[in-house]
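Asks: Take this sequence and fold it.
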Amino acid sequence: MDKAATDGIKRGPAFTRYQAFVIAVLAFLQFSVILDFMIISPLGAMMMPTLHMSPQQFGLAVSSYAFSAGVSSLLAAGFADRFDRKRLLLFFYGGFVLGTLFCALANTFPLLLGARIVTGLFGGVIGAIILAIATDLFPLAVRGRVMGYIQTAFAASQVLGLPAGLYFANHWDWHAPFLAIVAISVPAGLVIAFWMKPVAAHLELRQEKSPFLHLLHTLTEPRYRTAFALNVLLPTGGYMLMPFATAYMVGNVGLPLSDLPTIYLVTGVSIVFAGPLIGRFSDAVGKFRTFCWGTGLTILMVAIWTNLGHVSLLTMTAVNVLLFLGIFGRVIPSQALISAIPEVRKRGAFNAVSASLQQFAGGVSSAIAGVVIAVAPDGTLLHFNWLGGIVMTVALISMILMYQVHQQVPEQFSGPAPRR
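Replies: Next up is the predicted model:
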């Protein structure tokens, strides 16, 4: 790597104060939405007896968010480029906060199920709007860094959000984490309303009159097909492996449940620090090169992770950290590179369709994993390495598709950030 690239990784072009503010707001929004999506799973042990839910009903309450999010993202795609993105963000974030409040107030299974559907209908579109705003306001040359900061929200939700949510639940009840999310989300919405500038440059361009035609033309645009296919494949690993991670580490690796918080805490802290560095690296040396590095590391660590025997806590933690470094080494540069594919007046629709495809792909991936996996009488998971083989194969296919996306996007390395 030459000296210029090294300097780009260390420093990178400085963001203005307003740009830093926007990045912080977008990252926080991502944090709150991801936390709301994740928090329900560890609360199951409290919610099921309180609301008299069967495991199947609880599973439906969890999956209802993802499916409603997928439907709403697709339906919103036709309208996503017809409004100021700030106003669109406030509308859907307001609905998301309201849905979360309904979750906090639910006292029966039907009410909880309805609240999760409402939350998903609004929350599922927010990620697409966040990506559209980041793409509108930041050039490709620094977009890796921007995505690096935004994607650390996933790790931050593990490090800060889940432990805090479980603490509230243990000291009060399962309603408390949802109330806490509402409490931190309302001020964020006010900050956006009063301090964030409109994001409406795309409205100066000629828009299609029919939202349906806008959606149809986005779906059928030949240039978008590879990117859409890639967005379907990218979340496969997470949705196949992660739902069974806890059972695998306890049943197959032999770790006690009390060790798992340590693994997730160390992994989360590592990604919080590594995410922005991966973003800088992708801007300095190229997003496709960084994606290839991340894919290579992911394949190696999946092969190790899914074939572990009994190992120590230290070994399991190190393997898990390296696995997530590989995963984020793919997610951050891929989002930055794919963001350059859609034209300005179709960015909202493109991101909404991508979000919808990812939600449905996640549901299908989880279903496939459930069919492949079997549980032995002693509690160990059978065929977990088969899932690893599927994930590694999909990772190689995604690298081929990413090369085709890379061919469409003339990358610039460490370009200057615009002053706004």
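Asks: sec struct for the nearest residue to His217 once chain neighbours are set aside, please.
Replies: If the residues on either side of it in the chain are set aside, His217 comes closest to Glu208, at 6.9 Å by CB to CB, 6 or more residues apart in numbering. Quick note: C-beta positions are derived from backbone N, CA and C, even for glycine. Of the three states, Glu208 takes coil according to DSSP: H, G, I helix; E, B strand; the rest coil.
Asks: and the gap between Glu208 and Ala77?
Replies: Remark: distance between Glu208 and Ala77 (CB to CB, to the nearest Å) = 12 Å.
Asks: Against which helices or strands is the one helix or strand Arg347 maps to packed?
Replies: Arg347 belongs to helix 347-372 when assigned by DSSP states H and E. When contacts are defined as 3 or more CB pairs under 8 Å, 6 or more residues apart in numbering; DSSP states H and E, helix 347-372 packs onto helix 55-76, helix 109-137, helix 211-220, helix 225-233, helix 236-241, helix 384-408.
Asks: CA atoms of the fourth one as CSV?
Replies: Listed next in CSV are the C-alpha coordinates belonging to helix 225-233 (Å, rounded to 0.1, in the frame of the first residue of the first chain):
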residue,chain,number,x,y,z
ARG,A,225,-30.5,-6.3,-11.2
THR,A,226,-27.0,-7.3,-10.0
ALA,A,227,-27.2,-5.0,-7.0
PHE,A,228,-30.6,-6.4,-6.1
ALA,A,229,-29.3,-10.0,-6.3
LEU,A,230,-26.4,-9.0,-4.2
ASN,A,231,-28.6,-7.5,-1.6
VAL,A,232,-30.5,-10.7,-1.4
LEU,A,233,-27.4,-12.8,-0.8
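Asks: Now do the buried residues in that helix.
Replies: 226-233 (16 or more other CB atoms under 10 Å).
Asks: tell me, how many neighbours does Ile126 end up with?
Replies: Using other CB atoms under 10 Å, Ile126 has 23 neighbouring residues.
Asks: who's in contact with it?
Replies: 29, 33, 89, 92-93, 96 (CB atoms under 8 Å, 6 or more residues apart in numbering).
Asks: What pLDDT is listed against the residue nearest to His217?
Replies: Note for Glu208: predicted pLDDT of 71.
Asks: One more: Gly268?
Replies: Looking at Gly268, the pLDDT reads 84.
Asks: Next: Leu105.
Replies: Per-residue confidence at Leu105 stands at 92 (pLDDT).
Asks: That one and His175 touch, don't they?
Replies: Yes: using CB atoms under 8 Å, Leu105 is in contact with His175, at 7.5 Å.
Asks: Looking at these two, which one has more neighbours?
Replies: Applying other CB under 10 Å to Leu105 and His175 shows that His175 carries more neighbours, namely 19 against 13.
Asks: Check the gap between that one and Met47 for me.
Replies: Taking CB to CB, one finds His175 at 10 Å from Met47.
Asks: Then Pro276?
Replies: Pro276 is 35 Å from Met47, by CB to CB.
Asks: Quick one: residues in contact with stretch 251-259.
Replies: Contacts for stretch 251-259 (CB under 8 Å, 6+ apart): 246, 249-250, 263, 308-311, 313, 316, 375, 378-381, 384.
Asks: which of the residues you listed sit farthest apart?
Replies: Greatest spacing in the contacts of stretch 251-259, by CB to CB: Leu313 and Val375 (23.3 Å).
Asks: Look at those two and report which has more neighbours.
Replies: Leu313 (16 against 12).
Asks: Would you check that the more buried one makes contact with Ile263?
Replies: Yes: when contacts are counted by CB under 8 Å, Leu313 is listed as touching Ile263 (7.4 Å).
Asks: how far is stretch 40-54 from where the chain is centred?
Replies: 25 Å (CA atoms, centre = their mean, to the nearest Å).
Asks: ok so, going back, could you list which of the contacts of Ile126 belong to helices?
Replies: Per DSSP state H, helices hold the following members of those: 29, 33, 89, 92-93, 96.
Asks: Which one of those is nearest to Ile150?
Replies: Nearest member of these to Ile150, counting by CB to CB, is Leu29, at 8.8 Å.
Asks: Could you count how many residues lie near the closest residue to Ala134 other than its chain neighbours?
Replies: Nearest non-adjacent residue to Ala134, counting by CB to CB, 6+ apart: Val146, 5.3 Å away. Using other CB under 10 Å, Val146 has 29 neighbouring residues.
Asks: Next one: Val146 from Phe178, what distance?
Replies: 29 Å.
Asks: can you check Ser366 too?
Replies: Taking CB to CB, one finds Ser366 at 23 Å from Phe178.
Asks: Have a look at those two and say which one is more surrounded.
Replies: Applying other CB under 10 Å to Ser366 and Phe178 shows that Phe178 carries more neighbours, namely 26 against 18.
Asks: and the closest residue in space to that one that isn't next to it in sequence, what is it in contact with?
Replies: With CB to CB, 6+ apart as the criterion, Phe178 has its nearest non-adjacent residue at 3.7 Å, and that residue is Ala104. Applying CB under 8 Å, 6+ apart to Ala104 gives the contacts 175-176, 178-179, 182.
Asks: element containing Ala104, please.
Replies: helix 85-105.
Asks: Put the alpha carbons of that helix into PDB.
Replies: Taking C-alpha atoms only, helix 85-105 is exported to PDB below (Å, rounded to 0.1, in the frame of the first residue of the first chain):
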ATOM      1  CA  ARG A  85     -36.200  12.800   2.600                       C
ATOM      2  CA  LYS A  86     -36.100  14.600   6.000                       C
ATOM      3  CA  ARG A  87     -40.000  14.800   6.100                       C
ATOM      4  CA  LEU A  88     -40.200  11.200   5.000                       C
ATOM      5  CA  LEU A  89     -37.800  10.200   7.700                       C
ATOM      6  CA  LEU A  90     -39.800  12.000  10.400                       C
ATOM      7  CA  PHE A  91     -43.100  10.400   9.200                       C
ATOM      8  CA  PHE A  92     -41.800   6.900   9.400                       C
ATOM      9  CA  TYR A  93     -39.700   7.500  12.600                       C
ATOM     10  CA  GLY A  94     -42.800   8.900  14.200                       C
ATOM     11  CA  GLY A  95     -44.800   5.700  13.300                       C
ATOM     12  CA  PHE A  96     -41.900   3.600  14.500                       C
ATOM     13  CA  VAL A  97     -41.900   5.300  17.900                       C
ATOM     14  CA  LEU A  98     -45.700   5.000  18.200                       C
ATOM     15  CA  GLY A  99     -45.500   1.300  17.300                       C
ATOM     16  CA  THR A 100     -42.800   0.800  20.000                       C
ATOM     17  CA  LEU A 101     -45.000   2.600  22.500                       C
ATOM     18  CA  PHE A 102     -47.900   0.200  21.600                       C
ATOM     19  CA  CYS A 103     -45.500  -2.700  22.300                       C
ATOM     20  CA  ALA A 104     -44.800  -1.200  25.700                       C
ATOM     21  CA  LEU A 105     -48.500  -1.000  26.500                       C
END
